[in-house]
Structures are given as structure tokens and as C-alpha cells.
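K.L.:
no letters, just coordinates:
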């Protein structure tokens with residue numbers, strides 16, 4: 001894992017699969033793996049974590065703000081954020097979102 005923000009775009013023909021995501025994250029050494037569902041328009045103010053954080057979208061859309069840039073994630077897209085990276089997050093106001101999160 002690098003010290004930079006990483007975005008992996010979904011390029012598979014199959015829809016995202018929570019079980020496969022969980023297995024891959026476990027293989028990569030992540031823990032605290034949970035699935036969350038946020039209502040449309042949910043926001044998270046700027047914050048940081050003391051650990052590497054992953055968000056992997058199952059349904060809907062998430063928007064992460066980092067350093068003045070916005071990163072839009074759609075189903076299957078994954079964001080890996082290094083520890084101590086200041087970021088905020090928003091859930092698409094019309095779609096809501098379901099996503100897998102993990103840390104290490």
C-alpha cells in the first residue's frame with residue numbers, strides 16, 4: 001500500500017459482490033470489515049483516521065473530498081486512503097449508498 005490516495009475503478013462485467021470484496025480485503029490484511037448503508041445526502045465533515053481506510057461501493061454513489069478535489073465513486077469503485085489523510089465524504093443526494101469499509 002502506498003502513502004498516496006488510490007482509486008480503483010470497477011471494470012468487471014459482474015456487479016460488485018460483498019462476499020468477494022470481504023475475502024479480498026481479508027487477503028490484503030484488512031480488519032474491521034463492515035457494510036454500511038447511508039441515506040441520500042448524508043455528509044461526513046472533514047476528518048482523518050490513524051489507520052489506512054478503504055471504502056468499496058456496492059450500490060449508489062459516494063463523493064470524497066481530498067485537498068480541494070472531489071472523487072466520485074460508483075458501484076464497484078474502491079478508494080484506499082492512507083492514515084492521517086484529511087478527507088470529507090458525501091452520499092449522492094438522489095441515490096444513497098451501500099459500501100464495504102475496512103481498515104489496517
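P.N.:
Done, it's in. Fair warning: this is a prediction, and the values are worked out from it, not measured in the lab. Numbering: from 1, shown residues only.

K.L.:
in which helix or strand does the residue nearest to the spatial centre of the chain reside?
P.N.:
When Cα atoms, centre = their mean is applied to the chain, the residue found nearest the centroid is residue 55 (1.8 Å). Residue 55 is part of strand 53-60 when elements are defined by DSSP states H and E.

K.L.:
given the next helix or strand after that strand, what are its sheet partners and their directions?
P.N.:
Per DSSP H and E, strand 53-60 leads on to strand 62-66 as the next helix or strand towards the C-terminus. Strand pairing for strand 62-66, determined by DSSP bridges: strand 69-73 (antiparallel), strand 87-91 (antiparallel).

K.L.:
do a quick rundown of the strands in the protein.
P.N.:
Taking DSSP state E, the strands of the chain run over residues 6-8, 31-38, 43-47, 53-60, 62-66, 69-73, 78-81, 87-91, 97-103.

K.L.:
nearest to residue 25, out of those strands?
P.N.:
Closest to residue 25 of the strands of the chain, according to Cβ to Cβ: strand 97-103, at 4.6 Å. C-beta: built from backbone N, CA, C; applies to glycine.

K.L.:
ok, which of the strands of the chain comes nearest residue 14?
P.N.:
strand 53-60 (12.6 Å).

K.L.:
elements contacting the closest one?
P.N.:
The elements that strand 53-60 packs onto, with contact taken as 3 or more Cβ pairs under 8 Å, 6 or more residues apart in numbering; DSSP states H and E, are helix 18-27, strand 78-81, strand 97-103.

K.L.:
using CSV, please lay out those together with mean pLDDT and distance to residue 48.
P.N.:
Listed next are those as CSV, based on pLDDT from 0 to 100; distance: least, Cβ to Cβ, whole Å:
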stretch, mean pLDDT, distance to residue 48
helix 18-27, 96, 21
strand 78-81, 97, 9
strand 97-103, 97, 12
